[in-house]
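**Q** here's a sequence, model it:
(4 chains)
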4 protein chains.
Amino acid sequence: MASPRVSEHRYRRRVQFVEVDSARIVHFSHFFRYMEEAEHALWRAAGLSIATRGDGFGYPRVAASFEYHAPLHLEEEFDVHLRIVKITRASMAYACAVSRDGERIATGGLTVVCVTRGEDGRMRSAPFPDDVRNRFEVSAEAGA
Amino acid sequence: MASPRVSEHRYRRRVQFVEVDSARIVHFSHFFRYMEEAEHALWRAAGLSIATRGDGFGYPRVAASFEYHAPLHLEEEFDVHLRIVKITRASMAYACAVSRDGERIATGGLTVVCVTRGEDGRMRSAPFPDDVRNRFEVSAEAGA
Amino acid sequence: MASPRVSEHRYRRRVQFVEVDSARIVHFSHFFRYMEEAEHALWRAAGLSIATRGDGFGYPRVAASFEYHAPLHLEEEFDVHLRIVKITRASMAYACAVSRDGERIATGGLTVVCVTRGEDGRMRSAPFPDDVRNRFEVSAEAGA
Amino acid sequence: MASPRVSEHRYRRRVQFVEVDSARIVHFSHFFRYMEEAEHALWRAAGLSIATRGDGFGYPRVAASFEYHAPLHLEEEFDVHLRIVKITRASMAYACAVSRDGERIATGGLTVVCVTRGEDGRMRSAPFPDDVRNRFEVSAEAGA
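**A** Below you'll find the predicted structure:
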């Protein structure tokens, strides 16, 4: 019997020293890494690994964005809530909310596409392999 | 006599090894750092330093985004073209185009706000100081 | 009654995608960040925070080194074992062992000094404050 | 006629915002990246690329160290002087000096080995290929 499809994931993390800039807040570029860490945790929760499958498929990012509402500081713990908001034949979009003790810190989005590499080494769009596609579904909150 | 206001800047850079991921392309998070490097180069071109003024003003980022059109690879040289597309009393928005030998690699945007820190250490929105505001203007291409 | 002094700490971590280079192994520079993450976890275990005390003291690094014995790969879990091997009036030295399932991955060292900032903004060596010094002791394994 | 062998390289760089930590100095981990940037610039000066040769050889790091003498600050320009101090059949060692306007900032070392990947994907020590080995020599200063 198959395990249920995955549509969202909550990932908890602590701010590390190297992520904090000279204004004593987390540098804005790190939120994109937090979002990606949460994405890979979501794939692991689905029984998959985004990058070490060795099946020739890859998942490059085609769009990424964040809006910043409040700063994060050194050693604070925070949550990254990632939801799948759209799945097409060869792409997937996530919505991301970063919060600290329920306070909204940042909201973002990430779109990835499925590709294979041709013999010339160039990446080409390809449908998700079934064993990947069958593990995910759009979050019920997505229309909210 | 004042030097002309600055509205855009071209910044040239080479891809470094640590910026390349296991798919052998520049990790998407680094484009945000390239965009910020270009922003600080633009401020230097205007005779300013974004972070070491010691005047109590800071310029946190409130929005950042990129769309990725083609990959960058190890040791490639590329250009970051940053233009000011909007200036308000207390915020500034940039448009960013990353290219390699004229090929479009990525296009992005960044919005920063001007703040001061109150006695409680919290950041509050504030109008740009005159010696900063008077150095910048919106790029003529902005409406294009 | 005071809690026992801290002399070592074990810190567990998973390799993240951005830490892996184009040779598909963790980039050597990240081991220094892993060591520092373990150091700050050790300070937290001692009831302290290395960087947000606001007491005017800082702990810059004066020496850091690693020898690499075997590679770490994407999403692998690993352990960082940090031990205090020397404490002087104004400095502390750690030995660090990174392992994966008991296999030796890398061994390193880190020396930090205690400083205060003078009115001119320059850092000057200073004895550890008592409430910091009294929380640490040299690891019994240190002579091994 | 062959161009002269390369034994050292001077690499100039500006401190970027993301490299500065909350103590307003360059984070110690970035010096290892500066050293590697200088190494790759040295290889380019020798007409080589360390990582994109596609000849099956790789150059993982087996040891890296730095001692820190004075801090680097935001937007400062600095020099990285890298010298080859030892070459064996399958390894090469560099000495590195980071300075700012002649002031000594940090001194370090890096040892890399030459490897090939076997059919099982494991890296094995291998002699440098001739077209690499013939491009380098030990710096005359090395004995100093």
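**Q** if I look at the residue with the shortest distance to the centre of chain A, how far off is residue A:50?
**A** Taking C-alpha atoms, centre = their mean, the centroid of chain A lies closest to residue A:39, which sits 2.9 Å from it. Separation of residue A:39 from residue A:50 (C-beta to C-beta, to the nearest Å) stands at 7 Å. Where C-beta positions appear, they are placed from N, C-alpha and C, glycine not excepted.
**Q** what's the answer for residue A:125, then?
**A** Using C-beta to C-beta, residue A:125 is found at 17 Å from residue A:50.
**Q** next one: phi and psi at the residue of chain A at minimum distance from chain B?
**A** Nearest residue of chain A to chain B (C-beta to the nearest C-beta) works out as residue A:65 at 3.5 Å. Main-chain dihedrals, residue A:65, degrees, to the nearest 10: phi -150, psi 150.
**Q** got a list of what the closest residue to it other than its chain neighbours touches?
**A** Take residue A:65 and drop its neighbours on the chain: the residue closest to it by C-beta to C-beta, 6 or more residues apart in numbering or on different chains is residue B:65, 3.5 Å away. Neighbour list for residue B:65: A:63, A:64, A:65, A:66, B:108, B:109 [criterion: C-beta atoms under 8 Å, 6 or more residues apart in numbering or on different chains].
**Q** among those, name the ones in strands.
**A** A:63, A:64, A:65, A:66, B:108, B:109 (DSSP state E).
**Q** what's the neighbour count on residue A:91?
**A** By the criterion of other C-beta atoms under 10 Å in any protein chain shown, residue A:91 has 16 neighbours.
**Q** wait, it touches residue A:112, no?
**A** Yes: using C-beta atoms under 8 Å, residue A:91 is in contact with residue A:112, at 6.7 Å.
**Q** now do the shared contacts for those two.
**A** Taking C-beta under 8 Å, 6+ apart as the criterion, residue A:91 and residue A:112 both touch residue A:62.
**Q** now do the helices in chain A.
**A** Ranges of helices within chain A are A:30-45, A:130-133, based on DSSP state H.
**Q** and these as a markdown table, adding distance to residue C:11 and mean pLDDT?
**A** Listed next are those as a markdown table, based on distance: least, C-beta to C-beta, whole Å; pLDDT from 0 to 100:
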| stretch | distance to residue C:11 | mean pLDDT |
| --- | --- | --- |
| helix A:30-45 | 17 | 97 |
| helix A:130-133 | 32 | 94 |
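**Q** so which of those is the most packed in?
**A** Comparing the helices of chain A by mean neighbour count (mean count of other C-beta atoms under 10 Å in any protein chain shown), helix A:30-45 comes out on top with a mean of 22.
**Q** quick one: it near chain B?
**A** Yes: using C-beta under 8 Å from any C-beta of the partner chain, helix A:30-45 reaches chain B at A:30, A:32, A:33, A:36.
**Q** make TSV out of those and add distance to chain D.
**A** Formatted as TSV, the residues of helix A:30-45 next to chain B follow (distance: C-beta to the nearest C-beta, whole Å):
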residue	distance to chain D
A:30	9
A:32	12
A:33	12
A:36	17
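**Q** between the residues you listed, which is nearest residue B:23?
**A** Distance to residue B:23 across the residues of helix A:30-45 next to chain B (C-beta to C-beta) is lowest for residue A:36, with 12.8 Å.
**Q** how about the contacts made by the closest one?
**A** For residue A:36, the contact set (C-beta under 8 Å, 6+ apart) comprises A:110, B:28, B:29, C:16, C:17, C:18.
**Q** surely the last one meets residue B:29?
**A** Yes: between residue C:18 and residue B:29 there is a contact under C-beta under 8 Å: 6.4 Å.
**Q** between these two, which contacts overlap?
**A** Listed as contacting both residue C:18 and residue B:29 by C-beta under 8 Å, 6+ apart are A:33, A:36.
**Q** please, where are all the strands along chain A?
**A** Secondary structure of chain A (DSSP E): strands at A:8-14, A:57-58, A:61-68, A:77-87, A:91-100, A:103-113, A:115-117, A:123-125.
**Q** and the shortest one, what does it pack onto?
**A** The contact analysis (3 or more C-beta pairs under 8 Å, 6 or more residues apart in numbering or on different chains; DSSP states H and E) places strand A:57-58 against strand A:115-117.
**Q** and chain B, is the strand it packs on touching that?
**A** No: on the criterion C-beta under 8 Å from any C-beta, strand A:115-117 is out of touch with chain B, staying 9.1 Å away.
**Q** in chain A, where is pLDDT below threshold?
**A** A:1-2, A:51-54, A:142-144 (pLDDT under 70).
**Q** how does it look with 50?
**A** Low-confidence segments of chain A (pLDDT under 50): A:144.
**Q** chain C contacts on that one?
**A** A:16-18, A:20, A:33, A:36-37, A:40, A:44, A:49-52, A:73-75.
**Q** could you work out the most separated pair of those?
**A** Spatially, the most separated pair among these is A:52 and A:73, at 33.6 Å (C-beta to C-beta).
**Q** flag every residue of chain A that's near chain D.
**A** Contact residues (C-beta under 8 Å from any C-beta) of chain A with chain D: A:17, A:18, A:20, A:21, A:22, A:24, A:27, A:29, A:74.
**Q** hmm, the second one is touching residue D:27, no?
**A** Yes: using C-beta under 8 Å, residue A:18 is in contact with residue D:27, at 5.6 Å.
**Q** what is in contact with those two at once?
**A** Each of residue D:21 lies in contact with both residue A:18 and residue D:27 under the rule C-beta under 8 Å, 6+ apart.
**Q** any idea how far residue A:26 is from chain D?
**A** Shown here: residue A:26 relative to chain D, a distance of 10 Å by C-beta to the nearest C-beta, to the nearest Å.
**Q** quick one, what contacts the residue nearest to the centre of chain A?
**A** If you count contacts by C-beta under 8 Å, 6+ apart, residue A:39 has them with A:50, A:82, A:94, A:110, A:112.
**Q** could you redo the residues you listed as TSV and give each row neighbour count and distance to residue D:86?
**A** Compiled in TSV, these are given as follows (neighbours: other C-beta atoms under 10 Å in any protein chain shown; distance: C-beta to C-beta, whole Å):
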residue	neighbour count	distance to residue D:86
A:50	20	40
A:82	27	48
A:94	23	49
A:110	23	46
A:112	21	45
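**Q** a markdown table for those, including distance to residue A:56?
**A** Shown next, in a markdown table, are the contacts of residue A:39 (distance: C-beta to C-beta, whole Å):
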| residue | distance to residue A:56 |
| --- | --- |
| A:50 | 14 |
| A:82 | 25 |
| A:94 | 23 |
| A:110 | 22 |
| A:112 | 16 |
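**Q** work out the gap between stretch A:107-127 and the centre of the chain.
**A** Its chain's C-alpha centre and that of stretch A:107-127 lie 15 Å apart, by C-alpha atoms, centre = their mean, to the nearest Å.
**Q** same question for stretch A:80-91.
**A** The chain centroid and the centroid of stretch A:80-91 are separated by 8 Å under C-alpha atoms, centre = their mean.
**Q** next, the buried residues of it.
**A** Going by neighbour count (16 or more other C-beta atoms under 10 Å in any protein chain shown), the buried part of stretch A:80-91 is A:80, A:81, A:82, A:83, A:84, A:85, A:87, A:91.
**Q** kindly report the same for stretch A:134-144.
**A** Neighbour counts using 16+ other C-beta under 10 Å place A:135, A:136, A:138, A:139, A:142 of stretch A:134-144 among the buried residues.
**Q** before we move on, what about stretch A:104-122?
**A** A:105, A:106, A:107, A:108, A:109, A:110, A:111, A:112, A:113, A:114, A:115.
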